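Trainee: Next input, structure requested:
(one chain, ligands or ions: 2)
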Amino acid sequence: MNMHLDIAPEVAKALAEGKPVVGLESTIISHGMPYPKNVETALRVEQAIRDAGAVPATIAIIGGRLKAGLSKEEIEHLGKAGRSVAKVSRRDLPVIVARKADGATTVATTMLIAHMAGIQVFATGGIGGVHRGAETTMDISADLEELAQTPVMVICAGAKAILDLNLTLEVLETKGVPVIGYGTDELPAFYTRESGLGVDARVDTPEELAAIFRAQRDMELKGGMLVTNPIPQEFAMDKTVIDAAIEQALKEANEQGVHGKDTTPFLLARVVELTGGDSLESNIQLVLNNARLAAKTAAALAEQN
Ligand code: PSU
Ligand code: MN
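Mentor: Ligands and ions are numbered 1, 2, ... in the order given. As a prediction, this is how the structure comes out:
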């Protein structure tokens, strides 16, 4: 086992017994939602996973230790610290660990640590991808590289239209990452169920998701798989409302010269502010929806193993 990794006892026990475990990221807590809704949501998501019969493992870095499974106090600490805690992607890991610092893990680092711990399924809200204007900025999230090389199934609600969704799909195709639509042929766009872009395959059951992941492992294909699960209709947002907020947020980011790792947190925070509580409530509901699907899929994988 990795010398820098701590697996919470409950998570270690479940893994040793072949019981279902679902990984969860922490940048969504510190940089993705405002306090105190972020902490409230993180705890609700853990509970939803328990209610569905799996063990949650929220992943972060505390005092330089890679943690698979956080205490309530640790979740509260990251949520309160918010954007003052380091947002840790793959390239930041060595620095944060050597300095014994705290860090919130992105989708990329959460996949990495989940894999070190032996966790196969991870639920979140949205992934990072190719930013609009990437043809000049080269801003492409490390999440895509991680999906290309780390064998973890990521269950999300697609990606926000702060990104170029078409180019994001192109990069995933180039890197050999299966992009599955859960109950849909279309890539969901986070707040809305549609994007007009097709996924690689539609899947309608957790058992089939597990079988696909299993086949990928059997063939020793490297890399993970991306499951895109549309937001439940009753919580979906009006496309014109959310598109206007995203356009406004992008314009401000441009004017203020926001770039690099600050871009995504800036856009996420502005979209929440510009739409009031509406987008936040949608965000919470889609994460819960993904957590439930992840728990069922982890259970199906545990059955097959
Ligand atoms: N997109 C969201 N919500 C999020 C993120 C992205 O809708 O919370 C977070 C995730 O942690 C993701 C990270 O891994 O932002 C991507 O950041 P970047 O674009 O800098 O790679
Ligand atoms: Mn970036």
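Trainee: for the closest residue to ligand 1 within the stretch 151-300 of the chain, what are its contacts?
Mentor: Distances between the stretch 151-300 of the chain and ligand 1 by C-beta to the nearest ligand atom are smallest at Thr264, namely 3.6 Å. Just so you know, the C-beta spots here come from the backbone N, C-alpha and C atoms, and that holds for glycine as well. The contact partners of Thr264, taken as C-beta atoms under 8 Å, 6 or more residues apart in numbering, are His31, Gly128, Ser141, Ile162.
Trainee: Same list (the residues you listed) but as JSON lines, adding distance to ligand 1.
Mentor: Output for the contacts of Thr264, formatted as JSON lines (distance: C-beta to the nearest ligand atom, whole Å):
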{"residue": "His31", "distance to ligand 1": "6"}
{"residue": "Gly128", "distance to ligand 1": "3"}
{"residue": "Ser141", "distance to ligand 1": "3"}
{"residue": "Ile162", "distance to ligand 1": "8"}
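Trainee: closest to Gly82 among these?
Mentor: Taking C-beta to C-beta as the measure, Gly82 lies nearest His31 of the contacts of Thr264, at 7.3 Å.
Trainee: separation between the closest one and Glu10?
Mentor: Separation of His31 from Glu10 (C-beta to C-beta, to the nearest Å): 26 Å.
Trainee: the more surrounded of those two?
Mentor: Taking neighbours as other C-beta atoms under 10 Å, His31 and Glu10 compare with His31 leading, 23 against 13.
Trainee: list the contacts for the more buried one?
Mentor: Here His31 is in contact with Gly82, Arg83, Lys87, Ala104, Thr264, Pro265, Leu268 (C-beta under 8 Å, 6+ apart).
Trainee: Pick out the most distant pair among those.
Mentor: Longest span within the contacts of His31, C-beta to C-beta: Gly82 and Thr264, 14.4 Å.
Trainee: Are we agreed that Arg292 is in a helix?
Mentor: Yes - assignment of Arg292 by DSSP: H, G, I helix; E, B strand; the rest coil places it within a helix.
Trainee: Could you tell me the model confidence score at it?
Mentor: Looking at Arg292, its pLDDT is 98.
Trainee: In terms of pLDDT, where does the residue nearest the centre of the chain sit?
Mentor: The centroid of the chain falls nearest to Thr124 when counting by C-alpha atoms, centre = their mean (3.4 Å). In this prediction, Thr124 carries a pLDDT score of 98.
Trainee: related to what we said a few turns ago, would CSV of the contacts of Thr264 with pLDDT and distance to Thr240 be doable?
Mentor: Shown next, in CSV, are those (pLDDT from 0 to 100; distance: C-beta to C-beta, whole Å):
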residue, pLDDT, distance to Thr240
His31, 96, 27
Gly128, 98, 25
Ser141, 98, 26
Ile162, 95, 16
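Trainee: Any of the residues you listed buried? List them.
Mentor: Buried subset of these (neighbour count, 16 or more other C-beta atoms under 10 Å): His31, Gly128, Ser141, Ile162.
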